[in-house]
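Student: My questions concern the predicted model and sequence given below.
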Amino acid sequence: MTKKYNLNFIANRITEIGSALMHDLRDSNEPVTTGIINVLKVEEDGKLWFFIRRPFGYADESSFAFPVALQFIRKGMPFYIKVTGVATATGNYAPVEGRISDEVMTMSIASNLTLVEMKIEVVEYCEYDESKKEDRSVYTFFQNLYRHIFLLPDYNRQVVARFTLN
């Protein structure tokens, strides 16, 4: 059985999880700090809006772009999503006025956060194979340890959809 995975489906799944681990993909002396972000808005054209801590050395109004990867994963969910794209951090809140409450904007300014708009380029949606649930034996523990040390593939997950947005 094949399902059709489109951007609307991915947006609903991202909203369902709500938070992600963010990685800066640049090889730079001043990387953006890796951290957990909460998605504020997912738009139909493949844009995500969220806040990050303002990196040291960037002024309040300065705008900068950087490649980023987000991993949406939550315990108990039978899926996870990896998203990569280009994020643009800006001190200008005009593009999102009316989309975000005034309380959230005031809190973000007071907490030295900057607004980030991310254009999704590549999405990898993975579901865990429920038929291969791991048991909790010592043998399974050492088997998983061996697999992770030697970077062998994880057989309990299945990449269901991988697509690129233009």
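Tutor: In hand now; what should we look at? Residues are numbered from 1 along each chain as shown.
Student: Test my guess that Thr34 contacts Met22.
Tutor: Yes - taking contacts as C-beta atoms under 8 Å, Thr34 lies within contact range of Met22: 6.4 Å. (Glycine included, C-beta is placed from N, CA and C.)
Student: Among those two, which residue is more densely surrounded?
Tutor: In this comparison of Thr34 against Met22, neighbours counted by other C-beta atoms under 10 Å, the higher total goes to Met22 at 21 against 10.
Student: Might you report the residue contacts of that one?
Tutor: Taking C-beta atoms under 8 Å, 6 or more residues apart in numbering, we find Met22 in contact with Val32, Thr34, Gly35, Ile36, Ile37, Phe50, Ile52, Val68, Ala69, Leu70.
Student: Doesn't Tyr80 lie inside a helix?
Tutor: No - in this structure, Tyr80 is strand, not part of a helix, as judged by DSSP: H, G, I helix; E, B strand; the rest coil.
Student: residues near the closest residue to it other than its chain neighbours, how many?
Tutor: Leaving aside its chain neighbours, Tyr80 sits nearest to Ile73 (4.0 Å; criterion: C-beta to C-beta, 6 or more residues apart in numbering). The criterion is other C-beta under 10 Å. On that basis, Ile73 has 14 neighbouring residues.
Student: What residues sit buried inside the helix or strand hosting Ile36?
Tutor: Under the criterion DSSP states H and E, the helix or strand holding Ile36 is strand 35-42. In terms of neighbour count (16 or more other C-beta atoms under 10 Å), strand 35-42 has its buried residues at Ile37, Val39, Leu40, Val42.
Student: Let me know the closest of those to Ser101.
Tutor: Proximity of the buried residues of strand 35-42 to Ser101 was ranked by C-beta to C-beta; the top entry is Leu40 with 9.7 Å.
Student: Pretty sure that closest one sits against Ile52.
Tutor: No - no contact is recorded between Leu40 and Ile52 when judged using C-beta under 8 Å, the distance being 11.6 Å.
Student: quick revisit: distance to Ala89 for the contacts of Met22 - can I get that in a markdown table?
Tutor: Formatted as a markdown table, the entries for the contacts of Met22 read as follows, by distance: C-beta to C-beta, whole Å:
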| residue | distance to Ala89 |
| --- | --- |
| Val32 | 8 |
| Thr34 | 15 |
| Gly35 | 13 |
| Ile36 | 16 |
| Ile37 | 12 |
| Phe50 | 10 |
| Ile52 | 7 |
| Val68 | 10 |
| Ala69 | 15 |
| Leu70 | 14 |
